[in-house]
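Colleague: this one's structure only:
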């Protein structure tokens, strides 16, 4: 039996192959919407979208991507599936593998993703876990390069919490050769697994405890909500306020620096309206690029010979 071609994390691929997937995303974006999607490379294939957490962009972008490639989609939310009623990820994987050709899981716990992938006989895609969000990073890198050219050798400043998106930025820096400054309050932690991977790869990842140090001369400022789904109640938000992305902070970055946010944004909290609505903001391109990056991921999983 051929081993399933999963997409679980950026740290599981050779850098050259990640670059190939990014380039495929560009080709697919330039190709636009297919005139006859029913004849696409994934015609006759079915993708299961399995959600333990709510979603707007992940659900819609995967549905659009799969349908434009000719495939079909089934969606199950936590309230619809037996995962939400105590069935193990392993048993869910064994059953769904008999029904569909691939499974995208947006999970509460990374361990659920790993168990699903271990027991599935079809490809499993990481649509987000509490540890990483690799599909978002594929879109983010596409967006950066769309506006600022090759990301290798450039500087990205992350501002805020050490969450799953931040961890995937760490992995991306290690794989794609850019400098990453993590602007986070003292005492805020980030995935040791991601940092360990970066250290082993000799990546230029720096922890900064002031926003000004993080953004100085940076080509891109990135942030996310300070409270992620599943965070503990009563989280101390005051410590993040010096890391709010304002016009004054953007002015300390490199000329032409861009602003990114994976959305949804809590305007006035982690970023001001003045920044997110400014010409420097590329958040809408970033959201669109989820479709194109995920088309490449789907082809990797289900039809690698069709990768452009």
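Modeller: Happy to help now that I have it. What you see is a predicted model, and the numbers here were worked out from it, not measured in a lab.
Colleague: got the buried residues for the longest helix along the chain?
Modeller: Assignment by DSSP state H gives helix 283-302 as the longest helix of the chain. For helix 283-302, the neighbour count (16 or more other C-beta atoms under 10 Å) marks 283, 285-302 as buried. No exception for glycine: its C-beta is placed from N, CA and C like everyone else's.
Colleague: with stretch 253-271 instead?
Modeller: For stretch 253-271, a neighbour-count test (16+ other C-beta under 10 Å) marks 253, 257, 258, 259, 260, 261, 262, 263, 265, 269, 270, 271 as buried.
Colleague: cool, stretch 43-55 as well?
Modeller: 45, 47, 48, 49, 50, 51, 52, 53, 55.
Colleague: residue contacts, residue 66?
Modeller: Taking C-beta atoms under 8 Å, 6 or more residues apart in numbering, we find residue 66 in contact with 42, 47, 72, 73, 298.
Colleague: at 10 Å what do you get?
Modeller: Residue 66 makes contacts with 37, 40, 42, 45-47, 49, 72-73, 102, 104, 291, 294-295, 298, 302, as judged by C-beta atoms under 10 Å, 6 or more residues apart in numbering.
Colleague: so which elements touch the helix or strand of the chain with the lowest mean pLDDT?
Modeller: None of the helices or strands of the chain scores lower by mean pLDDT, DSSP states H and E than helix 89-96, at a mean of 93. Identification of packing neighbours for helix 89-96 by 3 or more C-beta pairs under 10 Å, 6 or more residues apart in numbering; DSSP states H and E yields strand 46-51, strand 72-77, strand 102-106, helix 110-119, strand 124-128.
Colleague: any idea how far residue 185 is from residue 287?
Modeller: Distance from residue 287 to residue 185, counting by C-beta to C-beta, to the nearest Å: 27 Å.
Colleague: still on that earlier bit, with distance to residue 238 and mean pLDDT added, can I get the helices and strands packed on helix 89-96 in TSV?
Modeller: As requested, the helices and strands packed on helix 89-96 are exported to TSV (distance: least, C-beta to C-beta, whole Å; pLDDT from 0 to 100):
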stretch	distance to residue 238	mean pLDDT
strand 46-51	32	97
strand 72-77	34	95
strand 102-106	30	97
helix 110-119	28	96
strand 124-128	27	98
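Colleague: ok, which of these comes nearest residue 24?
Modeller: Ranking these by proximity to residue 24 (C-beta to C-beta) places strand 124-128 first, at 15.3 Å.
Colleague: tell me what that closest one is packed against?
Modeller: Counting by 3+ C-beta pairs under 10 Å, 6+ apart, strand 124-128 packs on strand 46-51, helix 57-68, helix 89-96, strand 102-106, helix 110-119, helix 134-148, helix 164-176, helix 283-302.
Colleague: to residue 80, which of these lies closest?
Modeller: Among the helices and strands packed on strand 124-128, strand 46-51 comes nearest to residue 80, with 8.7 Å by C-beta to C-beta.
Colleague: strand partners of that closest one, parallel vs antiparallel please.
Modeller: Under the criterion DSSP bridges, strand 46-51 sits next to strand 72-77 (parallel), strand 102-106 (parallel) in its sheet.
Colleague: could I get those as a markdown table with mean neighbour count?
Modeller: Supplementary listing: the strands paired with strand 46-51 in a markdown table, determined by neighbours: other C-beta atoms under 10 Å:
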| stretch | mean neighbour count |
| --- | --- |
| strand 72-77 | 16 |
| strand 102-106 | 27 |
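Colleague: closest one to residue 279 among those?
Modeller: With respect to residue 279, and counting by C-beta to C-beta, the nearest of the strands paired with strand 46-51 is strand 102-106 at 32.0 Å.
Colleague: got the angle for that closest one vs strand 124-128?
Modeller: For strand 102-106 against strand 124-128, the angle by axes from the mean of the first three to the mean of the last three C-alpha atoms, to 10 degrees is 20 degrees.
Colleague: gap between strand 102-106 and the chain center?
Modeller: Relative to its chain's centre, strand 102-106 lies at 14 Å (C-alpha atoms, centre = their mean, to the nearest Å).
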